[in-house]
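Chemist: Generate a structure from the sequence data that follows.
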Amino acid sequence: MDAADFSAVLSEVRRFVRERVVPLEAEIDEKDEMPAEIREAAKKMGLFGFALPEEYGGLGLSMYEEAQLMFELGYTTPSLRSMFGTNNGIAGHVLMVGGTEEQKAEWLPRIASGDVLASFALTEAEAGSDPSTLTTRAHLDGDDWVINGAKRYITNAPLADVFMVFARTDPDAPRTRGISTFLVPAGTPGLTVAPKDHKMGQFGAWTADVYFDDVRVPASALVGGEAGLNRGFGTAMGCIAHGRVHISSLCVGMAERLVDESVEYAGTRRQSGKLIGSFQLVQGLIADSMTDYYAGRATVLEAARAFDAGTDTKIGPSCTKYFTSEMVWRVADRAVQVHGGAGYMRGVAVERFYRDARLFRIYEGTSQIQQVIIAKALLGEAARG
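Modeler: Coordinates of the predicted model:
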């Protein structure tokens, strides 16, 4: 995107987030629902397709540009980003990475516009950090594929119009080589979405279990066509690598907000007749948080550059996701400490972000999974003993 156009997009998103969404954060948290007017505004701004190609109606942002956009979106409740994150990220990228031209033409324009909400159905009860062990299966019956199994914690499942479903199509193949991906529209007979989960935080972003009981889809639903058969695991990993940089950027945006909340409180709250910002131990908490934020921002931008260049699409995404998710948790903890008792009260922004931040160390691969990925990539055979 032209630099001037991109700057205008960032400015518009910043105003939208700070003037329209931030004032609604407490309401979104309390009601566990994103207001319809915010959803419609996001559609009009092109936020459902910022990472999708321009030829399909998206903004076509590079990873480096996307990271900067996510810094702005991360400044408020993460449920805003979650509303359109799967369209741009792990679900939309399934088609970008593995779809046929016909599948891209049919689905991507509607996903980019927000007319279709896409969901990424990979995780299972016993296949989370290691999705290669998934047990959902699909077998051919005539010209159709029949899917059976269950998925867990699927983002936007209660609202989704289409699911990108990962299922084992060759039970005899090595675990990572017998998985395929299917486009399954909501409402397909046999597809059932459970009631939404009641989570610790990130209210307004809905997840739920999804069940497949003899769900029948045509051969055209196989992502990538015949060429995509048994290649779903590689597609998923490519999408998740992008998603790790995406989530890392969100963590940085939240860290900035937490620093601002801490500075504001320390500059107005008095104790013993003094502003608490005059106490050096409080100053130390804020200085540590600003340093963490600064390092996280630089880490994300470097990872995004390398991702765009194709020079690092594995270690970089894992390193930045590991660092920033742990970083924002530290910053959130310090923000509550700066606020003292007030930071433990519902209705105070840092209390809400403290709950919200905890999830970042789990999804898109736990911190421990990132450690394993990084170490194995560096050590090679030595990591296997």
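
Chemist: what does stretch 17-28 rub up against?
Modeler: For stretch 17-28, the surrounding residues in contact (Cβ atoms under 8 Å, 6 or more residues apart in numbering) are 34-35, 38, 41, 72-73, 75-77, 79-80, 203-204, 347, 349, 352. Heads up, the C-betas are built off the backbone N, CA and C, glycines and all.

Chemist: Of those residues, grab the buried ones for ChimeraX.
Modeler: Per 16 or more other Cβ atoms under 10 Å, the buried members of those correspond to this ChimeraX selection:
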select :34,38,72,73,75,76,77,79,80,203,204,349,352
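
Chemist: Among the contacts of stretch 17-28, which one lies nearest to Val338?
Modeler: Taking Cβ to Cβ as the measure, Val338 sits nearest to Ala349 out of the contacts of stretch 17-28, at 12.1 Å.

Chemist: any idea how far that closest one lies from Glu226?
Modeler: Distance of Ala349 to Glu226, given as Cβ to Cβ, to the nearest Å: 51 Å.

Chemist: now do Gly253
Modeler: According to Cβ to Cβ, Gly253 and Glu226 sit 41 Å apart.

Chemist: cool, Met290 as well?
Modeler: Distance from Met290 to Glu226, by Cβ to Cβ: 53 Å.

Chemist: between those two, which one's more packed in?
Modeler: Using other Cβ atoms under 10 Å, the more surrounded residue of Met290 and Glu226 is Met290, with 16 against 8.

Chemist: Spell out the secondary structure type for the residue nearest to Gly178 when sequence neighbours are not counted.
Modeler: Distance criterion Cβ to Cβ, 6 or more residues apart in numbering; nearest residue to Gly178, sequence neighbours excluded, is Asp170 at 3.4 Å. Three-state assignment for Asp170 (DSSP: H, G, I helix; E, B strand; the rest coil): coil.

Chemist: Quick check: phi and psi at Asp170.
Modeler: Dihedral angles of Asp170 (phi, psi; degrees, to the nearest 10) stand at phi -140, psi 90.

Chemist: and Leu140, that one's in a strand?
Modeler: Yes: counting by three-state DSSP, Leu140 falls inside a strand.

Chemist: Could I get the contacting residues of it?
Modeler: Leu140 makes contacts with Val146, as judged by Cβ under 8 Å, 6+ apart.

Chemist: per-residue pLDDT, it?
Modeler: Confidence at Leu140, expressed as pLDDT, is 96.

Chemist: Then Leu10?
Modeler: For Leu10, pLDDT reads 97.

Chemist: How many residues are close by it?
Modeler: 15.

Chemist: same deal with Ala173?
Modeler: Other residues close to Ala173 by other Cβ under 10 Å number 12.

Chemist: I figured it was touching Asn230, is that so?
Modeler: Yes: between Ala173 and Asn230 there is a contact under Cβ atoms under 8 Å: 6.2 Å.

Chemist: What are the boundaries of the strands in the protein?
Modeler: Shown for the chain, the strands assigned by DSSP state E span residues 118-121, 137-141, 144-155, 162-168, 179-185, 191-193, 207-218, 270-271, 274-275.

Chemist: Export these to TSV and append columns for distance to Gly243.
Modeler: As requested, the strands of the chain are exported to TSV (distance: least, Cβ to Cβ, whole Å):
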stretch	distance to Gly243
strand 118-121	9
strand 137-141	23
strand 144-155	11
strand 162-168	13
strand 179-185	15
strand 191-193	22
strand 207-218	15
strand 270-271	43
strand 274-275	41
